[in-house]
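Student: Predicted model follows, preceded by the sequence.
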Amino acid sequence: MITDIPTVDLDFTEQPPIPEAGIQRATELMRSGRLFRYGETESGELDVAKLEERFADTLGRRYCVALNSCGASLAVALKATGVGPGDRVLMNAFTLAPVPGAIAHVGAEPIFVGIDENYTIDIEDLAAAAGRSGATVLLLSHMRGHIGDMLEIMAAARTLGLRVIEDCAHTMGASWADQPTGTFGTVGCFSTQTFKHINSGEGGLLVTDDEDIAAKAILLSGSYILYGQHGAAPSDEVFERHRFVMPNFSMRMSALAAAVALPQLDELTERTVRWNTRYAELALLLGRDPRIELPTRPFEEQFVASSLQFRVPSLNADTIEDWLDLAAEHGVPVKWFGRPQPVGFTSRFDHWRYTSEQSLHRTQEILATLCDLRIPLGMTEKHVAQIGEVLHKTLDVVNRRPLGVDS
């Protein structure tokens with residue numbers, strides 16, 4: 001540790017407390033023992049149904065299905081749109097492991113599409129990948145909250161004959177040109193996992209306007225024949241078309257998770273303001289250093305910045321590792337997508353060896369120096385100033401230090 005560099009006293013994984021209404025309702029459920037979303041002799045606990053109805057209304061979608069994770073919602077979305085064994089599904093090369101995992105879940109093959117310097121999908125590479133693979137579905141990740149030009153992407157998808165499923169794990173509350181993410185594609189999938197915008201520990205929300213996809217998704221989630229207890233569901237006639245041919249994946253959300261998540265919807269706007277304020281402050285500080293490269297965020301991209309990504313293209317792998325180790329010693333844990341082995345939650349497309357090997361040289365160059373900093377809601381303006389000082393000064397140190405020399 002270097003004495004003239006501050007140490008940041010902040011837990012980057014700390015979460016805000018669950019709203020009191022959620023705590024009270026969760027306590028009631030635990031006292032009753034009724035944690036399952038369905039009931040046989042009565043309507044069951046309605047917490048999940050209320051969350052589905054409320055979330056559908058928030059996004060202006062007709063239907064919403066609550067599942068036990070966002071990864072589960074992606075797998076269900078793929079299955080409900082007709083993806084099956086042997087099919088090929090296009091997806092951003094820059095995403096996290098549950099996305100190709102969802103494709104593998106339904107027996108399909110991920111086809112990676114390259115990204116640009118702003119960490120969003122490369123539309124030229126999308127066209128090339130669609131042409132050589134014959135894929136008809138694009139699983140589009142708004143990875144770490146970075147939203148591509150959705151008008152261009154959807155126009156390209158129409159031209160290429162692609163049905164779009166949106167992975168919105170990092171964009172709850174975000175929009176492109178005033179249209180919410182998750183409403184451009186046929187299906188949108190959201191996360192309520194801890195570290196996301198709403199925290200129920202684990203959970204996923206699938207939205208769509210397609211009644212057949214909604215009915216299939218509800219049956220796949222594990223409704224048995226209790227689909228009438230859903231809050232934003234199609235009519236019974238739609239279920240009759242599918243209930244004998246859809247398997248039960250047992251991926252439904254519990255009443256307890258929904259009770260915890262529901263009151264947090266009311267806090268999303270205020271959380272967005274806090275996150276984006278801290279993001280703007282961090283981006284301003286880091287952007288003053290010519291060695292640090294930040295993505296361009298278009299005016300139309302109305303993001304919710306629970307994290308910040310940047311590149312340090314002038315550093316090699318050894319120097320980046322030295323730098324991030326030193327920053328961590330001073331209380332600033334930064335993830336790095338260039339590590340040769342996956343660490344924690346962080347992995348990249350060439351780590352997923354259950355997929356076919358694919359070469360994306362430009363994307364590999366971008367990820368080689370891509371860093372990822374979490375923005376907890378407890379971060380203050382003082383923390384931001386200290387984080388900026390730590391990252392700048394530790395970068396100075398490793399730039400001066402001969403390779404392989406410890407502090």
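Tutor: Yep, it's here. Numbers count the residues shown, from 1 in each chain.
Student: From the contact counts, what lies against the helix or strand where Glu237 lies?
Tutor: Element membership for Glu237 (DSSP states H and E) is helix 236-240. Applying 3 or more CB pairs under 8 Å, 6 or more residues apart in numbering; DSSP states H and E, we find helix 236-240 packed against helix 211-221. From N, CA and C alone the C-beta is placed, and that goes for glycine too.
Student: show me what contacts the most centrally placed residue in the chain?
Tutor: Nearest to the mean C-alpha position of the chain, by CA atoms, centre = their mean, lies Ala169 at 2.5 Å. Counting by CB atoms under 8 Å, 6 or more residues apart in numbering, Ala169 touches 70, 96, 98, 141-142, 189-191, 193, 196.
Student: Can you give the contact residues for stretch 150-163?
Tutor: By CB under 8 Å, 6+ apart, stretch 150-163 touches 81, 90, 121, 123, 126-127, 130-131, 135-138, 140, 164, 176-177, 179, 181, 184-186.
Student: So which of those residues are in strands?
Tutor: 90, 137-138, 140, 164, 176, 179 (DSSP state E).
Student: List only those of those flagged as buried.
Tutor: 90, 137-138, 140, 164, 176 (16 or more other CB atoms under 10 Å).
Student: out of the residues you listed, what pair is the most spread apart?
Tutor: Val137 and Trp176 (20.3 Å; CB to CB).
Student: Tell me how many other residues crowd Pro247.
Tutor: Neighbours of Pro247 under the rule other CB atoms under 10 Å: 9.
Student: is it true that it touches Leu220?
Tutor: Yes - using CB atoms under 8 Å, Pro247 is in contact with Leu220, at 6.7 Å.
Student: buried set for stretch 236-245?
Tutor: Neighbour counts using 16+ other CB under 10 Å place 238-239, 242-243 of stretch 236-245 among the buried residues.
Student: Quick check: end-to-end length of that stretch?
Tutor: Start-to-end span of stretch 236-245 (CA to CA, to the nearest Å) is 15 Å.
Student: List the contacts of it.
Tutor: 211-212, 214-216, 218-219, 225, 227-228.
Student: are any of those residues buried, and which?
Tutor: Using 16+ other CB under 10 Å, the buried ones in the contacts of stretch 236-245 are 211, 214-216, 218-219, 227.
Student: returning to that earlier point: looking at the contacts of Ala169, which has the most residues close by?
Tutor: Cys189 (33 neighbours).
Student: Output the contacting helices and strands for the helix or strand harbouring that residue.
Tutor: Per DSSP H and E: Cys189 is located in strand 187-191. Under the contact definition 3+ CB pairs under 8 Å, 6+ apart, strand 187-191 sits against helix 70-80, strand 163-167, strand 204-208.
Student: contact partners of that strand?
Tutor: So strand 187-191 is contacted by 55, 59, 61, 69-70, 73-74, 77, 80-81, 165-172, 181-182, 203-208, 210, 213, 217 (CB under 8 Å, 6+ apart).
Student: go on, stretch 170-178?
Tutor: 142-145, 147, 149-151, 168, 180-182, 184, 190-191, 196-198, 268-269, 271-272, 300-304, 306-307.
Student: re the thing from before, TSV please, covering the contacts of stretch 236-245 and showing distance to Phe36.
Tutor: Output for the contacts of stretch 236-245, formatted as TSV (distance: CB to CB, whole Å):
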residue	distance to Phe36
Glu211	26
Asp212	26
Ala214	21
Ala215	21
Lys216	22
Ile218	15
Leu219	17
Ile225	15
Tyr227	15
Gly228	15
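Student: out of those, which one sits closest to Arg31?
Tutor: Nearest to Arg31 among the contacts of stretch 236-245: Gly228, at 26.4 Å, using CB to CB.
Student: mind checking how far the closest one is from Leu46?
Tutor: 12 Å (CB to CB, to the nearest Å).
Student: do the same with Arg25
Tutor: According to CB to CB, Arg25 stands 11 Å off from Leu46.
Student: again with Val76
Tutor: 22 Å.
Student: what does Asp116 give?
Tutor: 45 Å.
Student: more neighbours, the two?
Tutor: Neighbour totals were compared for Asp116 and Leu46, and Asp116 leads with 19 against 16 (other CB under 10 Å).
Student: Who's the closest spatial neighbour of the more buried one, skipping the chain neighbours?
Tutor: Leaving aside its sequence neighbours, Asp116 sits nearest to Asp122 (CB to CB, 6 or more residues apart in numbering; 5.1 Å).
Student: same deal with Gly388?
Tutor: Leu285 (3.4 Å).
Student: For Ser69, see how far away that neighbour is.
Tutor: For Leu285, the distance to Ser69 equals 35 Å [CB to CB].
Student: now do Asn316
Tutor: For Asn316, the distance to Ser69 (CB to CB) stands at 37 Å.
Student: same thing with Met172?
Tutor: Separation of Met172 from Ser69 (CB to CB): 14 Å.
Student: Tell me which of those two has more neighbours.
Tutor: Neighbours were counted for Met172 and for Ser69 using other CB under 10 Å; Met172 has more, 29 against 21.
Student: quick one: that one is in a strand?
Tutor: No - per DSSP: H, G, I helix; E, B strand; the rest coil, Met172 lies outside any strand segment and is coil.
Student: all strands for this structure, in order.
Tutor: 63-67, 88-92, 109-113, 137-141, 163-167, 175-176, 179-180, 187-191, 204-208, 301-302, 307-311, 335-336, 370-374.
Student: and the first one, what other elements does it pack with?
Tutor: For strand 63-67, the elements it packs on are helix 47-59, helix 70-80, strand 204-208, helix 211-221, judged by 3+ CB pairs under 8 Å, 6+ apart.
Student: Okay, and the beta partners of Tyr63?
Tutor: In this entry, Tyr63 is beta-bridged to Thr208, by DSSP bridges.
Student: Would you mind listing the residues in contact with it?
Tutor: Shown in contact with Tyr63 (CB under 8 Å, 6+ apart): 56, 207-211, 213-214, 217, 232-234.
Student: Any chance of a ChimeraX selection covering the buried ones in those residues?
Tutor: Restricted to buried positions by 16+ other CB under 10 Å, the ChimeraX selection for these reads:
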select :56,207,208,210,211,213,214,217,232,233,234
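Student: Fine, thanks again, bye for now.
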